[in-house]
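Asker: Dropping a prediction and its sequence here:
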Amino acid sequence: MRIDDRIIGGALALLSLAIILGARGLPSVPGTTFGPALMPTLIGIAMGVLSIRIFITGLLQKSSAGWFDLSEWKGASRPVFCAVWTLAGIALGIVLLPVIGFPLYGLAFALPLMLLMGARPIHAVLTSVGLVLVAQFVFARLLFVPLPAGPLPMPW
């Protein structure tokens, strides 16, 4: 699959603008010099600069190809289904994560994706369970970012 750099650069520039504007809405922490908006703003600025570079590179390329080339995906259903699963999973996660919690949603998202990508079932189960538990622990205990636990009680 090939997507023209002008499309990718423009989309990333819009996303970086959304990140910067979204970071402005984060509340400041009293008594601190740098608030929670600093990192998203810096990431948005870096992303904006790099996306402009990608866009300009796309403008300077002399390509006779179209804006999209999906010919590589013809007949390849597994990669297409994995891409759709990933994008739909992210969109569903926005809605379902507060309801069912991170551990259950993480398993429901990661395990089928790993199986679709060809992982052995025992490896997929062990890896997805391990990664979900490690991510929950790291966010909750080390970063102090409470991920929604849903109906499952978390020991930490």
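Answerer: Done, it's in. Numbers count the residues shown, from 1 in each chain.
Asker: quick one: P121 and L115 touch, right?
Answerer: Yes - counting by C-beta atoms under 8 Å, P121 touches L115, with 6.6 Å between them. For every residue, glycine as well, the C-beta is placed using N, CA and C.
Asker: Compare the two (neighbour count), which wins?
Answerer: Counted by other C-beta atoms under 10 Å, P121 and L115 do not tie: L115 has more neighbours, with 15 against 10.
Asker: I'd assumed S28 was in a strand, is it?
Answerer: No - using DSSP: H, G, I helix; E, B strand; the rest coil, the assignment for S28 is coil, not a strand.
Asker: I'd assumed L38 was in contact with it.
Answerer: No - in this structure, S28 is not within contact of L38 by C-beta under 8 Å, at 10.0 Å.
Asker: Next, the contact list for the residue nearest to the spatial centre of the chain, please.
Answerer: Centroid check for the chain by C-alpha atoms, centre = their mean gives I90 as the closest residue, at 7.1 Å. I90 makes contact with no residue, according to C-beta atoms under 8 Å, 6 or more residues apart in numbering.
Asker: What average pLDDT does whatever helix or strand it lives in get?
Answerer: Per DSSP states H and E: I90 is located in helix 77-100. Averaging pLDDT along helix 77-100 gives 89.
Asker: which strands and helices sit next to whichever helix or strand comes after that helix?
Answerer: Downstream of helix 77-100, the first helix or strand assigned by DSSP H and E is helix 102-116. Judged by 3 or more C-beta pairs under 8 Å, 6 or more residues apart in numbering; DSSP states H and E, helix 102-116 is in contact with helix 77-100, helix 121-137.
Asker: Can you report how many residues lie near the closest residue in space to A124 that isn't next to it in sequence?
Answerer: Of all residues beyond its chain neighbours, the one nearest A124 is M114 (3.9 Å), with distances taken as C-beta to C-beta, 6 or more residues apart in numbering. Residues lying near M114 (other C-beta under 10 Å) number 19.
Asker: Report pLDDT for M114.
Answerer: 94.
Asker: Quick check: it touching S128?
Answerer: Yes - counting by C-beta under 8 Å, M114 touches S128, with 6.0 Å between them.
Asker: where does this structure dip in pLDDT?
Answerer: 1, 63-65, 70, 72-73, 154-156 (pLDDT under 70).
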